[in-house]
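J.: Kindly generate the corresponding structure for this input.
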Amino acid sequence: MTNPMTHVLLKDCIEAIGNSPERFNALKNETVFISGGTGFVGTWIAEMLAYLNDHYAFNTKMILLSEHAFSFSSKAPHLATRKDVAIVEKDVRNLIELPREVTYIIHAAANPDNRQHSSDPLKVMDVISRGTGAVLNAASRLPNIKNILNISSGLIYGPQPQDMECIPETAHGGPDCDSILSIYSEAKRYAETLCTAYRNQFKLPIVTVRPFAFIGPYQLLDKPWAINNFIRDSLLGGPIRILGDENTVRSYMYASDMAVWLLTILINGKPGQSYNVGSPNGISLKQLAECIASHFPATPEIVHVPVNKAALKSRFVPDVALAQKSLALTITVNINEAIKRTMMWHKDRGI
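T.: Predicted coordinates:
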């Protein structure tokens, strides 16, 4: 890792692993299969494992499955050319067999971009439902499987009540199944139920995580999420445009924290348990825009753009006490530092 972009990633990995790489010792000499392996989650997992291999001789092998693997060589060339990384270009729905040496699985194949949820809802649902079934069916024939991490979504809870500061794993809500906006979350709910069926029928050790919102390198700024758009607007000179209710509340976990949390849950998570993954520290869109603008000498203008009723005030913040208390996980990068590092990454890429 010598260019500016990979230097940022190396610094993130060093700080995230800290002085306790031994907490990941269970992954030494193992083979980890990651569906959706070249996406945001998969790439960050690969970064962390590559760091552990290079600096602590973990000898962990990675198999990254992706429908669009061809783009990985330009996205992360320092990972694509590694001997400990094997890249398989295949639609997860067509997966039949997994190499017998696979001992850990991270199932992350799905597209969280809500533009595709509206434009191609049947494919979104099919990839999640049939893809999850394909991965679990293949896993059921592995001789030495140790744990499977199913990446679900915090959206499975449905709308978060305004008077609920943080939503816990025990919340029993649900999305509106009559809305096209629920395509992704309903499919994720089904995938969780499918995991329960495989865990009971085939005794597969499956742990589920419900991710909320993240920010960091490898997350493109053209994605339809507020923080990405605010950073893009700022880097282009402004104005920062807040679409909808400026009092809408979100929270953001930095990518290196996300990777550490996911690997820890992969190793130590309790089969059958679901864990929220994200930051419990909510911030309004107005506060978020002001925070991002403060990083520039010439403060970008902030413009509020009212839109339709579908963008009314909402809240999306997880209660992560279960993961923090049972697995000793912490948030190490605050929102201000997360924004700073993300902007540095994109500046180095030339935006």
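
J.: how close does the closest residue to Leu95 other than its chain neighbours sit to Pro217?
T.: Distances taken as CB to CB, 6 or more residues apart in numbering put Ala134 closest to Leu95, at 4.3 Å, once the chain neighbours are dropped. C-betas here are computed from N, CA, C, even on glycine. Using CB to CB, to the nearest Å, we find Ala134 at a distance of 30 Å from Pro217.

J.: now swap in Thr332 and tell me
T.: With CB to CB as the criterion, Thr332 and Pro217 are 16 Å apart.

J.: Please say which of these two ends up with more neighbours.
T.: A count of neighbours by other CB atoms under 10 Å puts Pro217 above the other of Thr332 and Pro217, at 24 against 13.

J.: Got the confidence number for the more buried one?
T.: The per-residue pLDDT reported for Pro217 equals 95.

J.: So it is in contact with Ala338, correct?
T.: No: Pro217 lies out of contact with Ala338 (CB atoms under 8 Å); the separation is 10.6 Å.

J.: Now for Val209, how many residues are close by?
T.: Around Val209 there are 26 residues (other CB under 10 Å).

J.: Mind giving me the packing neighbours of the one helix or strand it maps to?
T.: Secondary structure from DSSP states H and E places Val209 in strand 206-211. The helices and strands touching strand 206-211, judged by 3 or more CB pairs under 8 Å, 6 or more residues apart in numbering; DSSP states H and E, are strand 147-151, helix 183-201, helix 255-268, strand 274-277.

J.: for these, which one sits closest to Leu52?
T.: Minimum separation from Leu52 across the helices and strands packed on strand 206-211 (CB to CB) falls at helix 255-268, 9.1 Å.

J.: For that closest one, list every residue counted as buried.
T.: By neighbour count with 16 or more other CB atoms under 10 Å, helix 255-268 contains the buried residues 255-268.

J.: which one of the residues you listed sits closest to Asp319?
T.: Closest to Asp319, out of all of the buried residues of helix 255-268 and judged by CB to CB, is Trp261, at 14.2 Å.

J.: In contact with Leu221, which residues?
T.: Leu221 makes contact with Asn228, Asn229, Ile231, Arg232, Leu235, His346, Ile351, according to CB atoms under 8 Å, 6 or more residues apart in numbering.

J.: The nearest residue to Ile339 once chain neighbours are set aside - how many residues pack around it?
T.: Using CB to CB, 6+ apart and skipping residues adjacent in sequence, the residue nearest Ile339 is Ile292, 5.6 Å away. Residues lying near Ile292 (other CB under 10 Å) number 25.

J.: what's the nearest residue to Glu246 if we skip its chain neighbours?
T.: Nearest residue to Glu246, sequence neighbours excluded (CB to CB, 6+ apart): Lys286, at 4.0 Å.

J.: what helix or strand is that neighbour on?
T.: Counting by DSSP H and E, Lys286 is part of helix 285-293.

J.: Strands of the protein, residue ranges please.
T.: Listed in chain order, the strands of the chain (DSSP state E) span 31-35, 61-66, 85-89, 104-107, 147-151, 206-211, 214-215, 240-243, 249-250, 253-254, 274-277, 283-284, 302-305, 315-316.

J.: For the first one, which strands pair with it and how are they oriented?
T.: Right, strand 31-35. strand 61-66 (parallel), strand 104-107 (parallel) (DSSP bridges).

J.: of these, which approaches Arg315 most closely?
T.: Across the strands paired with strand 31-35, closest to Arg315 is strand 104-107 (CB to CB), at 27.9 Å.

J.: Distance check, the nearest residue to Pro121 once chain neighbours are set aside against Asp113.
T.: Residue nearest to Pro121 in three dimensions, not counting chain neighbours: Ile183, with 4.3 Å by CB to CB, 6+ apart. To Asp113, Ile183 is 12 Å away according to CB to CB.

J.: neighbour-wise, which of those two wins?
T.: Ile183 (22 against 16).

J.: how about the more buried one, what does it touch?
T.: Ile183 makes contacts with His117, Ser118, Pro121, Val124, Met125, as judged by CB under 8 Å, 6+ apart.

J.: which pair in the residues you listed spans the largest distance?
T.: Farthest apart among the contacts of Ile183 - using CB to CB - are Ser118 and Met125, which lie 12.4 Å from each other.

J.: In terms of neighbours, single out the busier of the two.
T.: For Ser118 and Met125, the more surrounded residue by other CB under 10 Å is Met125, and the numbers stand at 18 against 12.

J.: How much space separates that one from Tyr198?
T.: Distance from Met125 to Tyr198, by CB to CB: 19 Å.

J.: repeat for Lys61
T.: In terms of CB to CB, Lys61 sits 24 Å off from Tyr198.

J.: Among the contacts of Leu221, find me the one that's closest to Phe316.
T.: Asn228 (15.0 Å).
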